[in-house]
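> Any chance you could fold what I've pasted below:
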Amino acid sequence: MSAALLVDTLRDPASVGGLDATGWNHLIAAARAERLIGTLAHRLAGIAVPSPVTPILADAVRDADREARQALWEADRCVDALRGTGVPTILLKGTAYVAAGLRAGQGRFIGDLDILVPRDAMPVAEKAMMAAGWEWVKPDPYDDAYYRQWMHELPPLIHRERDRMIDVHHTVLPLTARQTPDAAAMIADAVQITDGLYILSPEDRIIHSAAHMLADGDLQGGLRNLWDIYCLLPDVDPAALEARATRHGLLLHVRQAQRLAAAIYGDGARLTLWDRLVRARLLARNGWGQEVRKLLVFGFYVRSHWLRMPPMMLARHLWTKWRKGHRPQ
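Prediction:
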């Protein structure tokens, strides 16, 4: 499996010394598929690689640097849009890591800008973002109503001139999820890094990543999320992390994320049967970077919806989406 080769290389970059051309093809295909090619390039800095590989890694570093600059500029524009409203700009995920100069941000590809604002400030934030040039991605009335009633964020917005998306969150899990993290506490304990920009506390960064990966999603991009967690863990006191995860009702997910990070990227850990199933899903890529174990992948897709909402609501939602032509990838 090429995904296993990728995690082995991230764990021990010197191991690429034994790769042949096929091995390099598999490694690069997996890194691109998992959006870890920039991270891989940083990990391989200073290590001899075949000459055809050098420009590929150099391009990955340039692409990651460009995305980081774009993300930071978008964050700056968000601060400007919210200036005077009293609403803080609390960065989440990749943009937060880059803005704070964290190890998790090295080479990280960044998609949408994600921010967290107080729930009672959502109307003010929404009005300010619209006035600053963002507009709706999902004009469908059902999707709009679904987001506003049940989700942890506004419907996605995209800037009409810069073509960059922003997700405005008021908490870190859907309102229908089984866990209800204390978003007010996350906001209250956010750390200011520059004038107008904040990030979550060290503990809450990990808790948010673990929640996003294990309590909400279908593990798409899971290896990148787990690398984030692995890089963030040395910055926290384990006892403080346990206490904070307990407060948010996410202790089991944080502990699982710690075990998986140690097993996949670290020095190993004893895994439960459920851990092993998650690991199998995370490593489900072949030498071309394509997903394999389709039944397992589909099972996690169904599970992600099951976690988000009660059975009857899930059935109605999936039926509505099916009628509208949505199909899982």
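> residues in contact with residue 191?
198, 199, 200, 201 (CB atoms under 8 Å, 6 or more residues apart in numbering). For glycine as for every other residue, the C-beta is placed from the backbone atoms N, C-alpha and C.
> Greatest separation within those: which pair is it?
Using CB to CB, the pair of the contacts of residue 191 lying farthest apart is 198 and 201, separated by 9.9 Å.
> Report the set of residues contacting both of the two.
190, 191.
> Settle it for me: which of those two has more neighbours?
Ranked by neighbour count (other CB atoms under 10 Å), residue 198 and residue 201 place residue 198 first, with 22 against 18.
> what sits opposite the more buried one in the beta ladder?
Using DSSP bridges, the bridge partners assigned to residue 198 are residue 90, residue 192.
> would you turn the contacts of residue 191 into TSV with pLDDT and distance to residue 288?
Formatted as TSV, those follow (pLDDT from 0 to 100; distance: CB to CB, whole Å):
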residue	pLDDT	distance to residue 288
198	97	41
199	98	37
200	98	36
201	98	40
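> Just give me the closest of the residues you listed to residue 140.
The closest of the contacts of residue 191, once distances to residue 140 are taken by CB to CB, is residue 200, at 31.3 Å.
> Please tell me how far the closest one sits from residue 212.
Separation of residue 200 from residue 212 (CB to CB, to the nearest Å): 12 Å.
> and if you look at residue 199?
Taken as CB to CB, the span from residue 199 to residue 212 is 15 Å.
> Counting neighbours, go ahead and name the busier of these two.
Neighbours were counted for residue 199 and for residue 212 using other CB under 10 Å; residue 199 has more, 23 against 20.
> Look up the closest residue to the more buried one, ignoring the ones flanking it.
residue 96 (4.2 Å; CB to CB, 6 or more residues apart in numbering).
> Contacts only, for that neighbour.
Residues near residue 96 by CB under 8 Å, 6+ apart: 102, 199, 200, 205.
> could you point out which element follows the strand or helix carrying it?
Assessed by DSSP states H and E, residue 96 sits inside helix 93-99. Counting by DSSP H and E, the next helix or strand C-terminal to helix 93-99 is strand 113-116.
> who touches the nearest residue to residue 83 once chain neighbours are set aside in this structure?
In space, and not counting its chain neighbours, residue 83 is closest to residue 196: 6.9 Å by CB to CB, 6+ apart. Counting by CB under 8 Å, 6+ apart, residue 196 makes contact with 79, 82, 83, 88, 89.
> Distance of the third one relative to residue 69?
Translated: residue 83. For residue 83, the distance to residue 69 - CB to CB - is 21 Å.
> Pull out the buried positions in the lengthiest helix in the chain.
For the chain, the helix that runs over the most residues, judged by DSSP state H, is helix 53-82. Within helix 53-82, the residues that count as buried by 16 or more other CB atoms under 10 Å are 53, 56-57, 60-61, 64, 67-68, 71-72, 74-75, 77-79, 81-82.
> How about stretch 166-181?
166-174, 176-177, 179, 181.
> which ones among the residues you listed are found in strands?
Among those, DSSP state E puts 166, 167, 168, 169 in strands.
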